[in-house]
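Here is a sequence together with a model predicted from it:
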Amino acid sequence: MNKINMAEMFCDDEIKNAVLSVLTSGNYIKGENNIGFEAEFSGFCSVRHTIAVNSGTNALILALKCLGIKPGDEVLVPSHTFIATANSVIFCGAKPVFADINSDNYTIDVSDIKSKITPRTKAVIPVHIYGHPCDMNPVKEIAEEKDLYIIEDACQAHGAKYYGKTAGSLGDVAAFSFFPSKNMTVAGDGGAVTTNNDEIADLACAIRDQGRKDGEKYHHDYPGLNLRLSEIHAAIGRIQLKHLSDWNLKRRENAHYYSGFFSDCENVITPAETEWAEAVYHQYVIRVKNREKLRNYLSERGVSTGIHYPLPVHLQPAMKDYSDPVSLPVTESFADEILSIPVHPFLKREEREFIAKSIQEFYNGIK
Ligand SMILES: Cc1ncc(COP(=O)(O)O)c(C=O)c1O
């Protein structure tokens, strides 16, 4: 059996030709591929607007900026996420306030959000972690009652569905990442903001491009940044997007295979897919005892694994001066147990069987 990686990159002739075509065109920014990609991604998410940017982190920062998040504000975030969720809040000068997760699908615990709202709370960032959507209806109820904005962190959830609605269309604004290992990539760094709000979309377009409106060269209505996505990356994104639904189906098939295989295995806790969810399994994360020994066992058999994430964000040294100390029992206890195993769409049937059987053998061996 060859080495089995956590992710495989996809690059076919269509992508190579698209890159060459942009290169020879001489139009490297603000061109037809950005326009096309934005329209196509909006269609995919069923939203009115997509604003393509150069990373998921910058998509989050742009979303927060467009909502007016500023120093003195507090933003509720899960700690069980990639650190960019909290970093984006800090880079707007606001304070991340960490909430725990629920033990069913590892997304933000709605009752914990409630207990952490103060007069300074302006927004909440539910993260659709591992590609499983958050339970958005209760989040919306609280947001309406307390006048909070909702920014979906959909960086791991391209195509995930909540009661049939697509991630990216469920809050005031959403952020996506197209980092190489995501469900779709632009073959480099890239990201997008999505929204149904015309004003947010206009502001996001302007801030992305030095605070100027389309067609303006040296007239700037707002202080802005350069967050533009290059035409080469947008061209790659358009082709990847055409495959995304098929790839998500394959991820789901792999995930359901594992969940079926481990259904009687007391040593492996599999991720639940809540009845209203259609998860897209950016990661397939099991919870296990003896994790390091299992990791080594798999590694010796050529199977790569990952830990997403080994140290919860609220315990990271980087957060010390920017957030209040807090205890998050579920987040903290899961960090020592979680293990991501390969679930990507290019995984062969015999490879996923080999992975599942290797895990079973490991636990049979230590009985
Ligand atoms: C949940 C989450 N939020 C934000 C990001 C940031 O995206 P990027 O790496 O494209 O800046 C990522 C990507 O790694 C992520 O997984």
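Perfect, thanks for sending it.

Could I get the buried residue list for stretch 170-184?
170-179, 181-184 (16 or more other C-beta atoms under 10 Å). From N, CA and C alone the C-beta is placed, and that goes for glycine too.

from those, which are also near the ligand?
Taking C-beta under 6 Å from any ligand atom as the test, the ligand is in contact with S177, F179 out of the buried residues of stretch 170-184.

distance of the nearest residue to G237 once chain neighbours are set aside from the ligand?
Leaving aside its chain neighbours, G237 sits nearest to V186 (4.2 Å; criterion: C-beta to C-beta, 6 or more residues apart in numbering). With the distance defined as C-beta to the nearest ligand atom, to the nearest Å, V186 ends up 10 Å from the ligand.

Of all pairs in the buried residues of stretch 170-184, which one is the farthest apart?
D172 and S181 (27.5 Å; C-beta to C-beta).

Low-confidence regions, this structure specifically.
Scanning the chain for pLDDT under 70 picks out 367.

The residue nearest to G237 - how many residues pack around it?
When counting by other C-beta atoms under 10 Å, one arrives at 28 neighbours for V186.

Then it would be within a strand, right?
No. Judged by DSSP: H, G, I helix; E, B strand; the rest coil, V186 forms no part of a strand; its state is coil.

Hmm, Y28 is touching H233, no?
No. If you go by C-beta atoms under 8 Å, Y28 and H233 don't touch, sitting 10.2 Å apart.

Quick check on the two: which one has the bigger neighbour count.
The neighbour count for Y28 versus H233, taken as other C-beta under 10 Å, is higher for H233 (24 against 13).

do you know how far the closest residue in space to the more buried one that isn't next to it in sequence is from D246?
Distance criterion C-beta to C-beta, 6+ apart; nearest residue to H233, sequence neighbours excluded, is V186 at 3.8 Å. According to C-beta to C-beta, to the nearest Å, V186 and D246 sit 18 Å apart.

What of I90?
From I90 to D246 the distance is 38 Å (C-beta to C-beta).

What of N137?
As judged by C-beta to C-beta, N137 and D246 stand 29 Å apart.

and if you look at V343?
15 Å.

how about S230, what does it touch?
Contact partners of S230, counting by C-beta atoms under 8 Å, 6 or more residues apart in numbering, are Y28, I29, N54.

Please read the previous query as pertaining to R287.
V268, I269, F334, E337, I338, L339.

Isn't the fifth one up against Y284?
Right, the one you point to is I338. No. Contact criterion C-beta under 8 Å: I338 and Y284 do not qualify, at 10.8 Å.

who's more crowded, the two?
More neighbours surround Y284 than the other of I338 and Y284, with 26 against 22 (other C-beta under 10 Å).

quick one, phi psi at the closest residue to the more buried one other than its chain neighbours?
Spatially, and ignoring its direct neighbours in sequence, Y284 is nearest to V343 (3.7 Å; C-beta to C-beta, 6+ apart). Backbone dihedrals for V343, given as degrees, to the nearest 10, come out at phi -140, psi 10.

quick one: V343 from C134, how far?
Noted for V343: a distance of 20 Å to C134, by C-beta to C-beta.

Over to A206?
The value you get for A206 to C134, if C-beta to C-beta is used, is 29 Å.

Which one's more surrounded, those two?
The residue with more neighbours, out of A206 and C134, is C134; 34 against 21, by other C-beta under 10 Å.

quick one, what contacts that one?
Applying C-beta under 8 Å, 6+ apart, the residues near C134 are T107, I108, P126, V127, H128, E152, Y162.

Now do it against the ligand, distance only.
According to C-beta to the nearest ligand atom, C134 and the ligand sit 12 Å apart.
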